[in-house]
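**Q** Sequence plus predicted model, see below.
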Amino acid sequence: MCPIYHSRTAPRIVRLWHPLVHPLLLLGFAGIGCAASSPAADPPAEIANQPAAQGVTYWPVSLEAPEGRVEIYQPQPEVMKGDMLTARVAVSLARVGANPQFGAAWFTAHAVTDRDTRMVTLREVTVKDARLPGSTPAEQQDFARAIGGRLSAVAVTFPLDQLTASLDTAHMEKVEAERIQTTPPHILISTTPATLVLINGPPRLQAVGGQPGVSQVANTPFILLFDGTGRRYYLKAGERWVSAPAVTGPWANATDVPPAIANAGAQLATPPPQPAAAGAPAAGAPAAPGATEPGAGAADAQIIVATEPTELIVTTGNPQFT
């Protein structure tokens, strides 16, 4: 249907007196009618020039190789530098007359990005390594070359948003993995009774309230004190005190314990009372746990202090192997 436009200006009357005006008007109306009844015009250039949507690769991708039928599962991107993508992928190989074998492959590829359609296409795929159980190194190299050539021919295509999300996840996994401490602890072996006192790193001194010149090593659960006047460390080991010029020893029984150290030890060994809940009697308030002392076996045991992760193995005399 032809649109009709109405003018808002006042009508203007024109007298048509020329004898050719009427035939021209009839021809004009006929032309308008033909144009209205003709097929729709071509779409605008901005619509006609829009690129067609690229096909997305669906996983797993099945390929035929000399070794058998190969299935490649969705890649897991690891890192991208410039347009070079590094990723790993799970693969399976089904040889003729045998069950599929599952393995992994690592590859690099050039990522061609179309910003308009937000799609990524992998080109020039190079498989760096492929591992399949029961295969020789030579067979794995041949298998890697076969996978790389066929992946390049397939022209793997997937959304750009999917790639960026996968790279963000891979980066977070790498950061978390670096935070995991896998360094093994030091192993100490003693053939005589010994007690291990652990400090979480170098000693952090904290003043003990009411005891001038006395500090507590705050990063250990044991009652380990430092006398600022005598510049010595004191450790409460049951009923006895041991002292050392340095926190790592050597530790020996203390025959003359400064009164401030003894008072601080008694103060820390007594659990501080907790404030009673509203409306409850103060006597019923539970006590918070106090500082820790070495066990009863430390009465005559050797004291070993460590500031790094350490494990102590104590044997009764020399080890006897059977």
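**A** Sure, I can see it.

**Q** Tell me where the stretch 201-322 of the chain has helices.
**A** With DSSP state H, counting those that start in this stretch as the criterion, the stretch 201-322 of the chain has helices at 259-269.

**Q** Any stretches of it with poor pLDDT?
**A** 271-299 (pLDDT under 70).

**Q** Could you rerun that using 90?
**A** 209-212, 237-240, 248-249, 255-256, 267-302, 317, 319-322 (pLDDT under 90).

**Q** Break down it into its strands, ranges please.
**A** Assigned by DSSP state E, counting those that start in this stretch, the stretch 201-322 of the chain shows strands spanning 205-207, 214-217, 224-227, 232-237, 240-244, 252-253, 302-306, 310-314.

**Q** Figure out which of those strands is closest to Ala260.
**A** strand 214-217 (5.0 Å; C-beta to C-beta). C-beta: built from backbone N, CA, C; applies to glycine.

**Q** so what secondary structure elements neighbour that closest one?
**A** Packing partners of strand 214-217 (3 or more C-beta pairs under 8 Å, 6 or more residues apart in numbering; DSSP states H and E): strand 205-207, strand 224-227, helix 259-269.

**Q** would JSON lines of those with mean neighbour count and distance to Pro77 be doable?
**A** As requested, the helices and strands packed on strand 214-217 are exported to JSON lines (neighbours: other C-beta atoms under 10 Å; distance: least, C-beta to C-beta, whole Å):
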{"stretch": "strand 205-207", "mean neighbour count": "14", "distance to Pro77": "48"}
{"stretch": "strand 224-227", "mean neighbour count": "23", "distance to Pro77": "50"}
{"stretch": "helix 259-269", "mean neighbour count": "18", "distance to Pro77": "54"}
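
**Q** can you redo the ones you listed as CSV with distance to Thr108?
**A** Below are these laid out as CSV (distance: least, C-beta to C-beta, whole Å):
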stretch, distance to Thr108
strand 205-207, 53
strand 224-227, 55
helix 259-269, 60
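
**Q** CA atoms only for stretch 117-137 - export them in CSV, please.
**A** Extracted in CSV, the C-alpha atoms of stretch 117-137 (Å, rounded to 0.1, in the frame of the first residue of the first chain):
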residue,chain,number,x,y,z
THR,A,117,30.3,-11.2,14.5
ARG,A,118,32.4,-11.7,17.7
MET,A,119,33.6,-15.1,16.5
VAL,A,120,37.1,-16.7,16.6
THR,A,121,38.5,-19.1,14.0
LEU,A,122,41.7,-21.1,14.6
ARG,A,123,44.2,-21.3,11.8
GLU,A,124,47.6,-23.0,11.5
VAL,A,125,47.0,-25.4,14.3
THR,A,126,50.3,-27.0,15.5
VAL,A,127,50.1,-29.9,18.0
LYS,A,128,53.1,-29.7,20.3
ASP,A,129,52.5,-32.9,22.2
ALA,A,130,50.1,-35.8,22.3
ARG,A,131,49.9,-38.5,24.9
LEU,A,132,48.1,-41.8,24.4
PRO,A,133,48.4,-44.8,26.7
GLY,A,134,50.1,-47.8,25.0
SER,A,135,51.7,-45.7,22.2
THR,A,136,55.3,-45.3,21.5
PRO,A,137,56.9,-41.8,21.3
